[in-house]
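Undergrad: the sequence and its predicted three-dimensional model are supplied below.
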Amino acid sequence: MRMVDLPDAGGHFGPYGGVFVAETLMQALDELKAAYARYRNDPEFQAEFAYELKHYVGRPSPVYHARRWSERFGGAQVYLKREDLNHTGAHKINNVIGQALLARRMDKRRVIAETGAGMHGVAAATIAARYGMECVVYMGTEDVRRQVQNVYRMKLLGATVVPVESGSKTLKDALNEAMRDWVTNVENTYYIIGTVAGPHPYPMMVRDFQSVIGREAREQMLELAGRQPDAILACVGGGSNAMGIFHPYIADEKVRLIGVEAAGEGLESGKHAATLCTGKPGVLHGNRTYLLQDENGQIIETHSISAGLDYPGVGPEHAWLKDSGRAEYVSVTDAEALQAFHDLCRLEGIMPALESAHALAYAAKMAPRMRKDQILLINLSGRGDKDMHTVAEKSGIKF
Amino acid sequence: MSRIAATFDALKKQGKKALIPFITAGDPDPQLTVPLMHALARAGCDVIELGVPFSDPMADGPVIQRSSERALKHGVSLRIVLGYVAEFRKTDRTTPVVVFGYANPIEAMGAERFADAARAADADGVLVVDDPPEEARPLVAMLDERGLDMIFLLSPTTTDERLAQVAKLGRGYLYYVSLRGVTGAANIDISDVAARVKHVRGFVRLPVGVGFGIRDAQSACAVGAVADAVVIGSALIQEIEKAPRDQVLARVARFLAPIREGLDSLSAVKA
């Protein structure tokens, strides 16, 4: 099977992916699989999806040549895929619309979601408002504290935010709790997973919905630069923005694919979220993939300045892209990401999300070593307004 | 014949129902686990489900989540849990023990090494909550080779197609989860359970145990009337949670006595 045609019928990407859930969820996943198989290539579904992306989200998002930032490197030209300009401020909305359209066709009037930074929660709450659905968002209490504004945004949009107290009180625990809700209310509830993880068909489905990013980029790069980039960079937490831009390029082997993980306070400090760089394969949240875990298979707590990357797992397709060598995975620290955040603000007038700033920071390392006619394309997955609080705190400023 | 099969055979001959408790190994205290297992056997339990604590117990409600967290604070790992089984076996050669947990601790140990270690500890069965028939074949084969039973879950939503699959792969007994939801959830609908268990028996010869929502003699008897075994988890762990350390064993015995008695009265009625 060609890599680009994966997963197989059981949701496997090589040894990764699959359906590792309790029996109580199997029927719900079978139902979802059948529904997605039915609508995946349905012209009417695809037309509605395209309409929403254009008129509600504002797609296509532009590709922008960051000239001043590139000049500073004196090397490669850096282009940005502006997912930060989407409605709700990140790539998350693409996937949420796709899944909400599916939920409507499946007659589910209640949607639930997990969220870390709150961007996926906000996107889910937004779409629930748009379609008149009930929306419940699970969020770790640690993230509720870090992302006060997004919590209020979700409430303004009519969603119920449920703080999750268990475990490390972050994204992974929110996901556990959302799964528990789903298993209990499966009759009327659709679970909108926000990333390319979870049991099959989620990793495939979320990737498909996010692939609009890479498909647009292919056309836009031709228009703007007359060719495809030498390398594409994207930050990787769960990995949905990266999968979205990588996937349409997988078969195009001349283009390097580089996923950038959160090294937090440094890989050697143990306080990081660099799952692919330092983790080991295991099973969590319904799929087999790389995990940050101790020697006994207990999941360990992660750290990143960006809540959206603070996750001990990663989408199974990334695990396979790593093992097969088709994509490379690297990491940058909190400090490096912060520097890139400030640089993009000052040189280009664009405030990136701290998540996206990780991809920017790695580009800043690569570009000076490259020729001036070479091109880097970065997926600028979200905007940084939500992170002003965190950045200010780091700079010793209180509002 | 496996110890589990022998146990169910013997019970069937006596017209009795199996009582299967679930406890989390290492909760509330690692030193209490083996004594607790012996106390369960003395209280008339037929099979013991010994939970392996996991950091992310996705299918469990708050009671078992808390017990898992307590056990993890003591650093209880899969290897240590198998150590408890071996220790228990030194003096109890008859009560089957099922090692019950999530997939990742087994993945981390390596499936083959786990199967060897479970055999060496003289465990009898393995139940992996998040390893459904679709993914479990390799582990089932390894356990089969070593004479260990892989126990599978069934739920109210399991389709006939998947029932047939489970019938092929399942060993020992089947664990019918009587509720939609997580462990420790509300009350169960007995007529619904009776109808489902009857339906399941059309597909499998294995004994059928029912769990989720059983908390006292009354609910145990209602389930015992239609199933081969009654599984009690969250209600038992709540008793353990409430008891002062030095009274855990006594409290568990007191909690289980009326349940055992109730189940036995069912067979007396029949006889």
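TA: All right, it came through fine.
Undergrad: tell me the pLDDT at the spatially closest residue to residue A:129 that is not a sequence neighbour?
TA: Of all residues not flanking residue A:129 in the chain, residue A:157 sits nearest, at 4.9 Å (Cβ to Cβ, 6 or more residues apart in numbering or on different chains). For the C-beta atoms, the positions are set from N, CA and C on the backbone; glycine is no exception. pLDDT, residue A:157: 98.
Undergrad: tell me who's in contact with residue A:157.
TA: Shown in contact with residue A:157 (Cβ atoms under 8 Å, 6 or more residues apart in numbering or on different chains): A:122, A:125-126, A:128-129, A:135.
Undergrad: what sits against the closest residue to chain A within the stretch 51-200 of chain B?
TA: Closest residue of the stretch 51-200 of chain B to chain A, Cβ to the nearest Cβ: residue B:108 (3.0 Å). Contacts for residue B:108 (Cβ under 8 Å, 6+ apart) come out as A:280, A:282, A:293, A:295-297, B:78.
Undergrad: ok, how many other residues are close to residue A:56?
TA: Using other Cβ atoms under 10 Å in any protein chain shown, residue A:56 has 16 other residues around it.
Undergrad: longest helix anywhere in the chain?
TA: All of this is about chain A. helix A:23-39 (DSSP state H).
Undergrad: hmm, I had chain B in mind actually
TA: Using DSSP H to define each element, chain B has its longest helix at helix B:248-270.
Undergrad: now for that one, which elements pack on it?
TA: When contacts are defined as 3 or more Cβ pairs under 8 Å, 6 or more residues apart in numbering or on different chains; DSSP states H and E, helix B:248-270 packs onto strand B:18-24, helix B:30-42, helix B:217-224, strand B:229-232, helix B:234-242.
Undergrad: in a markdown table: the ones you listed, plus distance to residue A:184.
TA: Output for the helices and strands packed on helix B:248-270, formatted as a markdown table (distance: least, Cβ to Cβ, whole Å):
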| stretch | distance to residue A:184 |
| --- | --- |
| strand B:18-24 | 19 |
| helix B:30-42 | 29 |
| helix B:217-224 | 19 |
| strand B:229-232 | 19 |
| helix B:234-242 | 14 |
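Undergrad: can you tell which of the ones you listed is closest to residue B:254?
TA: helix B:234-242 (8.4 Å; Cβ to Cβ).
Undergrad: residue A:121 touches residue A:150, doesn't it?
TA: Yes - counting by Cβ atoms under 8 Å, residue A:150 is a contact partner of residue A:121 at 6.7 Å.
Undergrad: compare the two (neighbour count), which wins?
TA: Set side by side, residue A:121 and residue A:150 show more neighbours around residue A:121, with 32 against 26, by other Cβ under 10 Å.
Undergrad: now do the more buried one against residue A:113, distance only.
TA: Separation of residue A:121 from residue A:113 (Cβ to Cβ, to the nearest Å) stands at 6 Å.
Undergrad: tell me the SS of the closest residue to chain B within the stretch 201-350 of chain A?
TA: Going by Cβ to the nearest Cβ, chain B is nearest to residue A:297 of the stretch 201-350 of chain A, at 3.0 Å. The three-state label given to residue A:297 by DSSP: H, G, I helix; E, B strand; the rest coil is coil.
Undergrad: how about the nearest residue to it, chain neighbours excluded?
TA: In space, residue A:297 is closest to residue B:108, 3.0 Å off (Cβ to Cβ, 6+ apart).
Undergrad: so where does the one you found fall, helix or strand?
TA: Take DSSP states H and E as the rule and residue B:108 turns out to sit in helix B:103-109.
Undergrad: which helix or strand lies directly C-terminal to that helix?
TA: helix B:111-120.
Undergrad: what packs against that next one?
TA: Helix B:111-120 packs on helix B:78-89, helix B:133-145, going by 3+ Cβ pairs under 8 Å, 6+ apart.
Undergrad: and residue B:92, how many neighbours?
TA: 17.
Undergrad: per-residue pLDDT, it?
TA: Looking at residue B:92, the pLDDT reads 98.
Undergrad: so of the contacts of residue A:157, which ones are in helices?
TA: Reading helices off the contacts of residue A:157 with DSSP H, I get A:122, A:125-126, A:128-129.
Undergrad: residue 94: how many residues sit nearby?
TA: Here I'm looking at chain A. 27.
Undergrad: think we crossed wires, I meant chain B
TA: Neighbours around residue B:94, by other Cβ under 10 Å: 11.
Undergrad: just checking, it touches residue B:3?
TA: Yes - the pair residue B:94 and residue B:3 qualifies as a contact (Cβ under 8 Å) at a distance of 7.3 Å.
Undergrad: show me what from chain A comes close to chain B.
TA: A:10, A:18-24, A:26-28, A:30, A:166-167, A:172-173, A:176, A:179-180, A:183-187, A:280-286, A:288, A:291, A:293, A:295-300 (Cβ under 8 Å from any Cβ of the partner chain).
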